[in-house]
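Q: Predicted model and sequence follow; I will ask about them next.
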Amino acid sequence: MSDHPANIKVGTVLRVLEGQLSVIDEKSEEKDKSEASIEYCIKVSVWDKMNACLNDFADSITLEDLAESYKKMNQSQNMLYYI
C-alpha cells in the first residue's frame, strides 16, 4: 500500500481481496431472466439497490477511519484506575 491510509477505502481493499461486493452470489444471477419475471423485478428493486448501498458504505470508510476507531475503542483499556 503506497498511499496514505486516508486515501485508501475499505471498499477498495475488500474488492482486491474478495472480488465484487454483492449481497448475493453473482453466479446465481447468470440465468437468463426475462425483464417481466419476478426474479428480475426482485433483482432490480432489491438486490441491485442493496449492492449499491453496500458499496457506498464500504467506500465511505478509509483505513485511517478504522485506525482511529480502533484507537478510541482501546483507549479505555490503557487507563489505570487507582483506588
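A: Yep, that arrived.

Q: Show me where this structure dips below the pLDDT cut-off.
A: For the chain, applying pLDDT under 70 flags the ranges 1, 26-33, 76-81.

Q: ranges for the helices of it?
A: Counting by DSSP state H, one finds helices in the chain at the ranges 10-18, 38-42, 48-59, 63-75.

Q: so can I have a markdown table of these showing mean neighbour count and distance to I83?
A: C-betas here are computed from N, CA, C, even on glycine. Formatted as a markdown table, these follow (neighbours: other CB atoms under 10 Å; distance: least, CB to CB, whole Å):
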| stretch | mean neighbour count | distance to I83 |
| --- | --- | --- |
| helix 10-18 | 13 | 41 |
| helix 38-42 | 12 | 59 |
| helix 48-59 | 13 | 43 |
| helix 63-75 | 12 | 21 |
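
Q: export those helices to JSON lines and tack on distance to I24?
A: As requested, those are exported to JSON lines (distance: least, CB to CB, whole Å):
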{"stretch": "helix 10-18", "distance to I24": "14"}
{"stretch": "helix 38-42", "distance to I24": "10"}
{"stretch": "helix 48-59", "distance to I24": "8"}
{"stretch": "helix 63-75", "distance to I24": "26"}
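
Q: Looking at these, spot the one closest to Y82.
A: Y82 lies closest to helix 63-75 among those, at 17.7 Å (CB to CB).

Q: So what touches that closest one?
A: 1, 4-6, 8, 10, 13 (CB atoms under 8 Å, 6 or more residues apart in numbering).

Q: Show me just the buried residues among those residues.
A: 8, 10, 13 (16 or more other CB atoms under 10 Å).

Q: What distance do you get for the closest residue in space to the first one that isn't next to it in sequence to S34?
A: With CB to CB, 6 or more residues apart in numbering as the measure, L63 is the residue that lies nearest to I8, at 4.6 Å, once sequence neighbours are left out. According to CB to CB, to the nearest Å, L63 and S34 sit 43 Å apart.

Q: quick one, what contacts the residue nearest the centre of the chain?
A: The structure's the chain has its C-alpha centroid closest to A58; by CA atoms, centre = their mean the separation is 3.3 Å. Applying CB under 8 Å, 6+ apart, we find A58 in contact with 9-11, 14, 21.

Q: how close does the residue nearest to it when sequence neighbours are not counted get to E39?
A: The shortest distance from A58 to any residue other than its chain neighbours is 3.4 Å, reached at G11 (CB to CB, 6+ apart). Separation of G11 from E39 (CB to CB) stands at 27 Å.
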